[in-house]
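# Any chance you could fold what I've pasted below:
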Amino acid sequence: MIKTIYFRVDGDDGKFAGLGHVNRSLNFYTNLNKKLDKNHRFVFLSKYEEGIKILKEKTNKKVIKFSRKKLNKLNFKKNDVVIIDTLGAEKSLLKKLNKNQIKKISFDELNLKNFQSGIIINGILFTKKILKQKKNIKI
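Residues are numbered from 1 along each chain as shown. Coordinates of the predicted model:
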């Protein structure tokens, strides 16, 4: 069975997101792509044209311009994984992932209200005081 690994990542010229998240996701993708077997496919979900262009050039993988409308059309499967590399995931995305019990990893997540389960990797120093360990969340 094919497992899809989705990357929800944004990047632009610095107006909203910069390119740090895109670069980190590309590094993560490159390493996963080397280590995983051919039963995995990768899909990128991104809002901004600059990031979309870079993702297409560097990966040759499917890149979907992320929007609420496109989110409603996505059909996540139970064995899929979503890697979120934005400064906090959209409430609508988390709601859909939680409802379908999709595994998720989030970088730089700040709001645990909608993040019900998964892994959070956060290197932002002040968040150590904000993020509190929860039953289904590994920080």
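
# can you tell me which residues contact Gly88?
Remark: with contacts taken as C-beta atoms under 8 Å, 6 or more residues apart in numbering, Gly88 is in contact with Asp108, Glu109, Leu110, Asn111. (C-beta placed from N, C-alpha, C; glycine too.)

# Within the helices and strands, which one has it?
Secondary structure assignment for Gly88, by DSSP states H and E: no helix or strand.

# can you tell me how far it sits from Thr30?
Note on Gly88: its distance to Thr30, by C-beta to C-beta, to the nearest Å, is 25 Å.

# what's the answer for Lys78, then?
Counting by C-beta to C-beta, the gap from Lys78 to Thr30 is 26 Å.

# residues near Gly123, how many?
A count of neighbours around Gly123, defined by other C-beta atoms under 10 Å, yields 8.

# Who are the contact partners of Gly51?
Under the criterion of C-beta under 8 Å, 6+ apart, the neighbours of Gly51 are Val9, Asp10, Gly11, Asp12, Ala17, Leu19, His21, Val22.

# average pLDDT across stretch 119-128?
Confidence over stretch 119-128, taken as the mean pLDDT, stands at 76.

# Revised request: answer the last question for stretch 48-55.
In the prediction, stretch 48-55 has an average pLDDT of 95.

# from the contacts of Gly88, which two are the most distant?
Set against one another by C-beta to C-beta, those have their most distant pair in Asp108 and Asn111, with a gap of 10.8 Å.
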